[in-house]
Structure formats: C-alpha cells, structure tokens
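Q: Sharing a model that was predicted from the sequence below.
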Amino acid sequence: IVTIVASFVVLAMGSSGQVFAASALRGLRFFQILRMVRMDRRGGTWKLLGSVVYAHRQELITTLYIGFLGLIFASFLVYLAEKDVNRKFSNFAQALWWGVITLCTVGYGDMVPETWQGKIIASFCALLGISFFALPAGILGSGFALKVQQQQRQKHMIRRRQPAAMLIQSLWRCYAADEHSVSVATWKIHQIPLPSPPS
C-alpha cells in the first residue's frame, strides 16, 4: 500500500518535483521495517513483555521512584555546591538537566562541576545512574526467564494431560467391567440378562 501511495505521489508531482519525489521515496523505504511486524501476528512477544512488566510492576515502580528521588537530591546538592562558582548552574532547572544527563550516563559535557564538592557529587551520581539502570534490566531479565520457564512447564503439562486422561479412562473401564466388584458404580446393574434360547 505504501509503495502504491508513493507511486501516485510521484506521478502527481510530474517532472517538476523530481528532487522531492526521490527524497520522498527514500524516506518511504523506512516503512519496509513495518513488514517485520507481520512476523509476530498474534503479538506473542508483546504479550510476553507486557505480562513480565505487569508481574514485576511493583519492583519497577519502586526502582523508578528511588531513582527519581536520587535525581532530585543529587541535582539539588550540585546546585548548592556550584551556584556561586559556576554560571552554568545558576538555577535548579539547569542542575536538574545536568542530573538527568549524568544519571542516564549520557554525559554531554555541556555542564561540568568545577568545585571538588560538585565533582564528588557527580561521581556518586554517575555510579547511582549505572546501578539504577542495571536494576530494571535485572528485574526484567529474571522475569523473562521465569515466564519462559513457566510457559515450558505449561506446555509439558498439556502434553501429559491427554495420556493421563486415557489412562484414567482405561482403568475405570477395567474396574467397571470387573465381575467381582461390589460397587454400585459398575456396569452390572445396567446389564440386562439375555433371555435363554428356547430348548
């Protein structure tokens, strides 16, 4: 569909829009990636991801909350340490920007603490960022491992269900057909004696 629409755009532009048409077609090549979505038609991978996130939502929310508090606290400490010395930390919003960049371990380098107090806080903030990025990854990784193990166990149980049902049915038939059974749950009471052949 995307190719047909792109062809109509090229034809509608005529020869005057050759430069635009070529760049538009190159831009539309990006949509070829969407063909990969068809590989997962039932959405099994997204369901798996959603179930893992939902199962571990409390741990993930706790990690994000503690990380957010660490961001606010570290940004405030850097702001207090650098506001008189460094013009780039003139307000808390700029210190918060620095905290986000440092905690995410991006490190643009546009804002750098100059005092030794600010540098110590920055080093702890960077270590905190690394550890708090590792926590959700570990939580999700262990969740995926547990979920895959649970799915494999469930498949194994489904494979065993049919033979177990057949075994129970066979045993019941054998018990119900036993001549010496005193149970009412046998076939004896349902058996009608055949009339004897006339002699």
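A: Right, received. Where do you want to start?

Q: Now do Phe144: how many residues are near it, please.
A: 15 (other Cβ atoms under 10 Å). For glycine as for every other residue, the C-beta is placed from the backbone atoms N, C-alpha and C.

Q: And the average pLDDT for the helix or strand hosting Gln150 is what?
A: Using DSSP states H and E, Gln150 sits in helix 116-176. Helix 116-176 shows a mean pLDDT of 87 in the predicted model.

Q: Which secondary structure elements does that helix sit against?
A: helix 44-55, helix 57-82, helix 92-103 (3 or more Cβ pairs under 8 Å, 6 or more residues apart in numbering; DSSP states H and E).

Q: for these, which one ends up most surrounded?
A: helix 92-103 (a mean of 20; mean count of other Cβ atoms under 10 Å).

Q: Of the helices and strands packed on helix 116-176, which is nearest Ala177?
A: Distance to Ala177, taken as Cβ to Cβ, is lowest for helix 44-55 among these, at 45.9 Å.

Q: quick one on the thing from earlier: how big is the angle separating the helix holding Gln150 from helix 57-82?
A: 180 degrees (axes from the mean of the first three to the mean of the last three Cα atoms, to 10 degrees).

Q: how big is the angle separating helix 116-176 from helix 92-103?
A: 50 degrees.

Q: For stretch 104-111, measure first residue to last.
A: Taking Cα to Cα, to the nearest Å as the measure, stretch 104-111 stretches 14 Å from start to finish.

Q: residues making contact with that stretch?
A: By Cβ atoms under 8 Å, 6 or more residues apart in numbering, the surrounding residues in contact with stretch 104-111 are Asn86, Lys88, Phe89, Gln94, Trp97, Trp98, Ile101, Ala126, Gly129, Ile130, Phe133.

Q: wait, doesn't the second one sit right on Gln94?
A: Yes: using Cβ atoms under 8 Å, Lys88 is in contact with Gln94, at 6.3 Å.

Q: pLDDT score for the spatially most central residue of the chain?
A: With the centre of the chain defined as its mean C-alpha position, the nearest residue by Cα atoms, centre = their mean is Leu49, 2.4 Å away. pLDDT, Leu49: 86.

Q: Distance-wise, check it relative to Phe133.
A: Between Leu49 and Phe133 the computed distance is 18 Å (Cβ to Cβ, to the nearest Å).

Q: what's the answer for Met157, then?
A: 37 Å.

Q: ok, now Ala95?
A: To Phe133, Ala95 is 21 Å away according to Cβ to Cβ.
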